[in-house]
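Novice: Just a sequence and a predicted model for now, questions to come.
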Amino acid sequence: MKKPVHILLAVLAAFLCLSAQAQAQTNQFARTGAISQSPDGEFSVFSSITKYLAAGDVNSLSSWFADNLDVTIISSTRSCSKRQAREILRSFFDSYTPRSFEVTHKASEANKKYMIGLLNAGGEHFQVTIYATAQAGDTYKIQQLNISRQTGLR
């Protein structure tokens, strides 16, 4: 009768240990500004990015940028440095103050992740598409940021 209790306690201890390791990894990636992929292939990678887009927090958002990236704002596309991308986005948020951001789609393929969302800013709606690629291991950085005006939404 004691063996099942010992097995149950061993399984519970192993589960708690794995949970603590997963939380530690999540905290590490949150501090470094890197996107982390969980073991099951799903990811909570865009949770910080979503928060920063909704708040118009350009400085925090830019910590997720690759050193060089493509930025498209409405109809203007540029390949630029992280610093230039930060200034382009700051100018956009100065003109269109964000009110909310909602993720509408997330997907992944090989070493790429992307999300599509709807940004309500300055009384208008914008579709935001973000592509991130692997930099090292399970660390991802934003390679492309596209913001396009949506018509017909209220």
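Specialist: Looks like it came in fine.
Novice: Pick out the least confidently modelled helix or strand of this protein, by mean pLDDT.
Specialist: When the helices and strands of the chain are compared on mean pLDDT, DSSP states H and E, strand 35-36 comes out lowest with a mean of 40.
Novice: Just the strands from the protein, written as ranges.
Specialist: Counting by DSSP state E, the chain has strands at residues 35-36, 65-73, 76-81, 98-109, 112-121, 124-136, 139-150.
Novice: and residue 79, how many neighbours?
Specialist: Using other Cβ atoms under 10 Å, residue 79 has 11 other residues around it. For glycine as for every other residue, the C-beta is placed from the backbone atoms N, C-alpha and C.
Novice: That one is in contact with residue 70, isn't it?
Specialist: Yes. With contacts counted by Cβ atoms under 8 Å, residue 79 reaches residue 70, the gap being 5.3 Å.
Novice: related to what we said a few turns ago, which one of the strands of the chain is the most hemmed in?
Specialist: Mean neighbour count, computed with mean count of other Cβ atoms under 10 Å, is highest for strand 35-36 among the strands of the chain, reaching a mean of 22.
Novice: which one of the strands of the chain lies closest to residue 88?
Specialist: Nearest of these to residue 88, taken as Cβ to Cβ: strand 65-73 at 5.4 Å.
Novice: Packing partners of the closest one?
Specialist: Applying 3 or more Cβ pairs under 8 Å, 6 or more residues apart in numbering; DSSP states H and E, we find strand 65-73 packed against strand 76-81, helix 82-95, strand 139-150.
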